[in-house]
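Q: Take this sequence and fold it.
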Amino acid sequence: MKIKAAVLRQSGLPRPFVDSQPLCIEEVELDPPKAGEVLIQIKAVGLCHSDLVAITGERGKPMPIVIGHEAAGVIVELGDGVDGFEIGDHVVPTYVASCGDCEMCHVGRPALCEPATRANAAAVLRDGTTRLHKNGEAIHHHSGIAGFAEHAVIPKDALVKIDRSIPFEHAALFGCGVITGVGSVVNTGGAMPGESVAVIGLGGVGLSALLAAIASGAGHVTAIDLSDGKLELAKQLGAHLTVNASDTDCVEHVRKATRGGAHVAVETAGSSRALATAFAVTRRGGITVTAGMPGPEARVTLPHLCIAAEERTLKGSYMGSCVPKRDIPRFLALFRDGKLPVDRLLSRTIGFDDLNAALDRLNDAATVREVLIP
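A: Below you'll find the predicted structure:
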């Protein structure tokens with residue numbers, strides 16, 4: 001079938017993107033689903049920092065490629081052997097189509113699925129091929145989803161069925177930003193009621209982490225960012241303390257307010273400086289979680305002695321250490337009950353024609369989450 005999609009053919013084009021137009025809206029061919037796959041009509045897809053770094057070239061991808069990985073949609077066709085789903089089901093795809101058979105899947109860590117990781121690195125589906133092409137040229141799938149499009153073919157293993165009452169523009173956020181942010185606090189960090197939590201970086205992931213800390217009954221929640229506007233939003237969402245990261249006394253403010261530092265500090269900015277700040281505001285015996293995704297050349301230097309002498313823990317968090325089929329329904333239930341108001345993170349909805357301008361706003365940290373409605 002022929003579909004409209006936003007295709008990236010060259011990364012690293014100059015700013016502003018509204019002028020250089022890295023994403024070209026094209027008509028491309030989408031093959032039907034193979035065995036174990038489904039065709040979904042994309043109803044909403046969020047713009048995430050991981051999309052941006054593919055476009056800037058900070059984390060390079062094979063070209064050409066359809067970007068977008070934080071989506072929600074409706075199943076319109078089933079491939080052979082697909083059970084557990086029906087045409088008309090509302091679904092959220094996850095960007096790791098876990099196989100269920102590798103070592104990571106067997107130990108309950110599907111976000112680290114080995115075959116899915118290899119496929120995502122090559123920007124193909126799990127069988128090593130693509131379903132997208134134009135004039136005989138293969139077009140790659142970003143994170144196995146290729147969401148900036150009208151339709152997508154996705155392995156059934158990547159799909160989570162959701163309640164039809166949830167608006168697509170809100171459901172899409174659960175495909176990346178929410179599971180990453182919420183999971184970094186409750187799964188990776190294991191934050192307990194009454195503990196103090198600090199979040200460094202207040203994009204969609206960071207603000208989701210902030211909401212998770214509040215919903216988990218944290219005794220004190222600190223928000224740290226360079227944007228006064230995002231700090232004000234964090235305060236409105238329930239943060240007890242907001243601190244601009246440019247404040248030279250930032251760490252001391254947090255340590256004083258929390259009587260020694262946060263039990264759990266979560267870095268979501270994808271910056272080495274932000275991770276160093278997160279480590280500095282973590283208390284003795286505490287846990288520092290890094291969920292941000294910088295370029296591969298990023299390095300951080302931490303005080304070795306205090307890791308041992310203060311029994312500190314530094315943990316990575318990919319996809320919020322989530323088991324999507326378990327966690328997305330759980331997080332959606334909290335959303336429906338009003339305990340996880342992620343709808344307040346939605347800055348605006350846009351169309352294809354506004355995609356490149358939206359990337360400028362994302363790059364300028366002038367927005368939290370914008371959602372494309374194809």
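
Q: Every contact and neighbour count from this point should use C-alpha atoms.
A: Noted.

Q: Need the phi and psi values for D360.
A: Main-chain dihedrals, D360, degrees, to the nearest 10: phi -60, psi -40.

Q: ok, now which ones touch it?
A: The contact partners of D360, by CA atoms under 8 Å, 6 or more residues apart in numbering, come to 15-18.

Q: Tell me where the stretch 251-374 of the chain has helices.
A: 272-280, 304-309, 324-336, 355-363 (DSSP state H, counting those that start in this stretch).

Q: quick one: average pLDDT of the second one?
A: So that's helix 304-309. Computed over helix 304-309, the mean pLDDT rounds to 94.

Q: who's in contact with that helix?
A: 312-313.

Q: now that helix, how far from the chain's geometric center?
A: 31 Å (CA atoms, centre = their mean, to the nearest Å).

Q: Equivalent analysis for the longest one, please.
A: Averaging C-alpha coordinates over helix 324-336 and over its chain gives two centres that are 15 Å apart (CA atoms, centre = their mean).

Q: which strands and helices sit next to it?
A: strand 159-161, helix 177-183 (3 or more CA pairs under 8 Å, 6 or more residues apart in numbering; DSSP states H and E).

Q: Just name whatever secondary elements the longest one is in contact with.
A: In this case it means helix 177-183. helix 204-215, helix 324-336.

Q: which residues are in contact with the longest one?
A: Spelled out, it's helix 324-336. Here helix 324-336 makes contact (CA under 8 Å, 6+ apart) with 94, 160, 162, 174, 179, 340-342.

Q: Please identify which of those is nearest to G351.
A: Distance to G351 across the contacts of helix 324-336 (CA to CA) is lowest for F174, with 20.0 Å.

Q: What does the pLDDT read for that closest one?
A: 98.

Q: Once you drop chain neighbours, what's closest to E114?
A: Excluding the flanking residues, the one nearest E114 by CA to CA, 6 or more residues apart in numbering is C102, at 6.5 Å.

Q: related to what we said a few turns ago, need the helices of the stretch 251-374 of the chain in CSV with distance to T222, can you?
A: Shown next, in CSV, are the helices of the stretch 251-374 of the chain (distance: least, CA to CA, whole Å):
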stretch, distance to T222
helix 272-280, 11
helix 304-309, 22
helix 324-336, 21
helix 355-363, 23
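
Q: do you know which of those helices lies nearest M63?
A: helix 355-363 (17.6 Å).

Q: Can you report how many residues lie near M1?
A: By other CA atoms under 10 Å, 9 other residues sit near M1.

Q: residue contacts, it?
A: By CA under 8 Å, 6+ apart, the neighbours of M1 are 29-32.

Q: quick one: which of those residues is nearest to G229?
A: Distances from G229 to these, taken by CA to CA, are shortest for L30, at 40.9 Å.

Q: neighbours around the closest one, how many?
A: 20.
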